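K.L.:
Sequence plus predicted model, see below.
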Amino acid sequence: MSSFGSFGAFLDMGGYAAFVWPSYALTLAVMGLNVFWAKRLLARSRQVARRRLAIQEESRLAAEAST
Amino acid sequence: MAWTWFHRLASPPHVYRTAERLTPWFAWSAAILIVAGLIGGLYLSPPDYQQGDGYRILYVHAPSAWLSLLVYTTMAVAGGIGLIWRMKVAHAVAASCAPIGASFTLAALVTGSLWGKPMWGTYWQWDPRLTSELILFFLYLGYMGLRAAFDDVQRSDRISAVLAVVGVINVPIIHYSVVWWNSLHQGPSVMYLGKPTMPPSMLVPLLIMFVGFTLFFAAVLLMRLRGEVLIRERAASWVREVVHS
């Protein structure tokens, strides 16, 4: 199936290991960061929305109490 | 029926819930395809007759470069729709695209550089393809910087959309740079005059990667989009339901 005779040969990438592996590592890191950033953005905007709703609720209750 | 889909696309609660429902489908199919593409590209495909195993950088370089262009085009089209129809959801799509596109443009540039060193003898050349891709990276950074410069979301949506639309002229320049100018960069290898220039054992993992990266973009875009929609809709009543679920 594969062109590599051994695991060592696979790691060596025909002498191009210093170029091939960092390319793959960087691309996978970019993918991981994208997932992390997206989850963080969503979590933060949900939190901000929740806080804003809580403040609105408080001021509504305060207005009701004063009438 | 004609325009109902368009109106539903413009409805933030509909978009938020649809994005939430679709994200895992895109994410899992992307994960499966990317793992398959990694095995195919790194292990199963044969070495190149000229570049040996060094050519395997192709399997992460070309899909990253593809996303750099696809994401920018999506951003510009969404920004344009936002400007013309004053559609908040479209602006939210455009804003979601920028960091994704910038990061994959950087990946395309750096993996290309790592490929260039052993094959061309240099990490960098001021070549049409490389230079126009670098300009794309700066366009993304400029877009994000411009957004960050305004506190008012609606203002930053409109002003950054103008930059995105104007900058889209760079996309065909990047694509055709290897055809129009005598570039160091190789020509398109997947489809050249309708015929692939690679044997199936090399081509199939690459096509799997293209689809996998595209689905990955869709998944991350939909996740970011929910955040960006919430930022623009904090006062609406539907927000109460989705943030407490």
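P.N.:
Nice, thanks for sending it over.
K.L.:
okay, CA-based contacts and neighbour counts for the rest of this
P.N.:
Will do.
K.L.:
how about the residues of chain A that lie near chain B?
P.N.:
Within reach of chain B by CA under 8 Å from any CA of the partner chain, chain A has these residues: A:1-4, A:10, A:13-17, A:19-20, A:23-24, A:26-27, A:30, A:34-35, A:38-39, A:41-47, A:49-50, A:52-53.
K.L.:
Among those residues, which are located in helices?
P.N.:
Assignment to helices by DSSP state H places the following of the residues of chain A next to chain B there: A:10, A:17, A:19-20, A:23-24, A:26-27, A:30, A:34-35, A:38-39, A:41-47, A:49-50, A:52-53.
K.L.:
what stretches of the chain score poorly on pLDDT?
P.N.:
Assuming you mean chain A. Along chain A, the model assigns pLDDT under 70 to residues A:1.
K.L.:
could you do chain B instead?
P.N.:
For chain B, applying pLDDT under 70 flags the ranges B:1-2, B:188-196, B:234-235, B:245.
K.L.:
Would you list the buried entries among the ones in helices among the residues of chain A next to chain B?
P.N.:
A:10, A:17, A:19-20, A:23-24, A:26-27, A:30, A:34-35, A:38, A:41-43, A:45-46, A:49-50, A:53 (16 or more other CA atoms under 10 Å in any protein chain shown).
K.L.:
So is the helix or strand that contains B:Arg129 next to chain A?
P.N.:
Taking DSSP states H and E as the criterion, B:Arg129 maps to helix B:128-148. No: remark: helix B:128-148 sits outside contact range of chain A, by CA under 8 Å from any CA, the gap being at least 14.4 Å.
K.L.:
Buried by neighbour count: which residues of that helix qualify?
P.N.:
Applying 16+ other CA under 10 Å to helix B:128-148 flags B:128-134, B:136-137, B:139-144, B:146-147 as buried.
K.L.:
Just give me how far the next helix or strand after that helix sits from the chain centre.
P.N.:
Sequence order places helix B:153-167 as the next helix or strand after helix B:128-148, per DSSP H and E. Centroid displacement of helix B:153-167 relative to its chain, using CA atoms, centre = their mean, to the nearest Å, is 18 Å.
K.L.:
Give me the angle between helix B:153-167 and helix B:128-148.
P.N.:
170 degrees (axes from the mean of the first three to the mean of the last three CA atoms, to 10 degrees).
K.L.:
ok, now which ones touch the nearest residue to B:Ile135 once chain neighbours are set aside?
P.N.:
Excluding the flanking residues, the one nearest B:Ile135 by CA to CA, 6 or more residues apart in numbering or on different chains is B:Asn170, at 8.0 Å. Shown in contact with B:Asn170 (CA atoms under 8 Å, 6 or more residues apart in numbering or on different chains): B:132, B:135-136.
K.L.:
Name the residue of chain A that lies nearest to chain B.
P.N.:
With CA to the nearest CA, the shortest gap between chain A and chain B falls at A:Leu42, namely 4.2 Å.
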